[in-house]
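1. From the sequence below, what's the structure:
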Amino acid sequence: MTAPKFLRRGLIVLISFEFGLALAYMALIVRRGEAISLLDFNGLRSLPSLLQAAHLFAIGGLCGLLLVVRQHRQQSYSWFLPAALMLLCLFGGIDELTKLHLALNQVNWQVVYLSLMAAILFFSWGDFIWLWRHHRPTLLWVLAGISLFLLGSFGGELLKDPITNALNTHSPPRIAFLLEHVRILVEEFSELMGETLILYAFAKFTLGMWSQPKTAMS
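-> Okay, the predicted model is just below:
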């Protein structure tokens, strides 16, 4: 089996597993009124949370590998983009494991993360132009993943209070309870799925860069 085919099959298996986790979570909520801690999408160091952290650490590791590739092979991307993404992903993975943003609730983490992403985009504009010209499928996979991630992490939080207030005012308690868990699932599952697509894109891109011949030593 070739490496690209292995990655595609791995993506399908991973997405199927994540859908299974989502279905199991909602089944437990409907039948028992709560999910076991291992499957809690809103829990600390539950299986979905650990999976998100693993995705972020894996993406960070691939970014580190791209820095190594850049040193030994003639590549057109700068060192800043993989280095900045590596640090951002490693911090995000630690945050997912510790829920640091909840402990430091006086800090608006949505603004912090958006500002960091905007800074990376600004300082790496030339890299993104190069990616669009020469590796457009990879960039489109990443954009799709980021869009899903932002939809979940920021859209879900922005709609949390309005939806909760509306449900508590106009809906029976049971319906409000179930719909709130649907909102949690959509938020967390969108983040997880977005990270999965980004991980696939980075793995495929890193594989392509690694397979190129090394530059001749002077």
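2. And the strands in the protein, which stretches?
-> For the chain, applying DSSP state E gives no strands.
3. Flag the helix or strand of it with the lowest per-element mean pLDDT.
-> Every helix and strand of the chain was ranked by mean pLDDT, DSSP states H and E. The lowest is helix 156-170, at a mean of 66.
4. What is the neighbour count of Ala35?
-> For Ala35, the neighbour count with other CB atoms under 10 Å is 22. All C-beta spots, glycine's among them, are computed from the backbone N, C-alpha and C.
5. Repeat that for the one 3 residues further on.
-> Here the count is done by other CB under 10 Å, and Leu38 has 13 residues near it.
6. Verify the stated contact: it with Ser46.
-> Yes. With contact defined as CB atoms under 8 Å, Leu38 reaches Ser46; the gap is 5.8 Å.
7. Buried ones in the longest helix seen in the chain, by neighbour count?
-> For the chain, the helix that runs over the most residues, judged by DSSP state H, is helix 173-210. Within helix 173-210, the residues scored as buried using 16 or more other CB atoms under 10 Å are 176, 178, 180-181, 183-206, 209.
8. distance between that helix and the chain's centre?
-> 6 Å (CA atoms, centre = their mean, to the nearest Å).
9. Quick one: list the elements packing against it.
-> Other helices and strands packing on helix 173-210, by 3 or more CB pairs under 8 Å, 6 or more residues apart in numbering; DSSP states H and E, are helix 3-32, helix 47-72, helix 136-150, helix 156-170.
10. Quick check: which of those helices is buried the most?
-> Burial of the helices and strands packed on helix 173-210 is given as mean neighbour count (mean count of other CB atoms under 10 Å); helix 47-72 ranks first at a mean of 19.
11. Show me what that helix packs onto, helices and strands only.
-> Under the contact definition 3+ CB pairs under 8 Å, 6+ apart, helix 47-72 sits against helix 3-32, helix 80-98, helix 173-210.
12. If we use 6 Å, what do you get?
-> Under the contact definition 3 or more CB pairs under 6 Å, 6 or more residues apart in numbering; DSSP states H and E, helix 47-72 sits against helix 80-98, helix 173-210.
13. which one of these lies closest to Met26?
-> Comparing the helices and strands packed on helix 47-72 against Met26 with CB to CB, the closest turns out to be helix 173-210 (6.2 Å).
14. Now do that closest one against helix 80-98, angle only.
-> 150 degrees (axes from the mean of the first three to the mean of the last three CA atoms, to 10 degrees).
15. what does the average pLDDT come to for helix 173-210?
-> Averaging pLDDT along helix 173-210 yields 89.
16. contacting residues around Ala24?
-> Neighbour list for Ala24: Leu39 [criterion: CB atoms under 6 Å, 6 or more residues apart in numbering].
17. Can you give me the distance of the residue nearest the centre of the chain to Ile29?
-> For the chain, the residue nearest the mean C-alpha position is Glu195 (2.5 Å; CA atoms, centre = their mean). From Glu195 over to Ile29 the distance is 23 Å, taken as CB to CB, to the nearest Å.
18. Of all the helices and strands packed on helix 47-72, which one is nearest His55?
-> Nearest to His55 among these is helix 173-210; the distance by CB to CB comes to 3.9 Å.
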